[in-house]
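Undergrad: following is a predicted model, sequence given first.
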Amino acid sequence: MSDENKTAKVEPLRKMRPCPECGKPSHREHYPFCSNRCRELDLSRWLSGLYAIPVADDEMKADYKDEE
C-alpha cells in the first residue's frame, strides 16, 4: 500500500471555536473551553449565581396563582 491510502481524512466531531472565557482555540478534552482553568472559571460563575437565566414577568405571575 502506498502512503496515500494509509492516511485517512478525519473530520472533527465538533467545529473548532474560540474559548468563551479567553478566546483561545478550544481543545477537545475541555470543549468548548481551551483548558480546565477556563472550564472551572465558568462553572464557578454559575455556582456563585453570577450567571442566571432570565425569567419573564408572566412566568412569575403564573407561579403565584398556582400557590394561592
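TA: On my side now, so go ahead. Residues are numbered from 1 along each chain as shown.

Undergrad: at which residues are the helices of this protein located?
TA: Assigned by DSSP state H, the chain shows helices spanning 3-6, 36-48, 57-67.

Undergrad: low pLDDT regions in the chain?
TA: 1-6, 11-14, 58-68 (pLDDT under 70).

Undergrad: recalculate using a threshold of 50.
TA: Along the chain, the model assigns pLDDT under 50 to no residue.

Undergrad: now do stretch 33-48: everything it contacts.
TA: Stretch 33-48 is touched from outside by 19-22, 24-27, 30, 51, with contacts defined as C-beta atoms under 8 Å, 6 or more residues apart in numbering. From N, CA and C alone the C-beta is placed, and that goes for glycine too.

Undergrad: buried ones among those residues?
TA: Buried residues within those, defined by neighbour count using 16 or more other C-beta atoms under 10 Å: 19, 21, 26.

Undergrad: what is the nearest of these to Asp57?
TA: Nearest to Asp57 among those, counting by C-beta to C-beta, is Glu21 at 31.7 Å.

Undergrad: what sits closest to the closest one if chain neighbours are left out?
TA: Among residues not flanking Glu21 along the chain, Cys38 sits closest, at 3.8 Å (C-beta to C-beta, 6 or more residues apart in numbering).

Undergrad: distance of Phe15 from Thr7?
TA: Rather than Phe, residue 15 is Lys. 22 Å (C-beta to C-beta, to the nearest Å).

Undergrad: what of Leu41?
TA: Separation of Leu41 from Thr7 (C-beta to C-beta): 38 Å.

Undergrad: alright, I will stop here.
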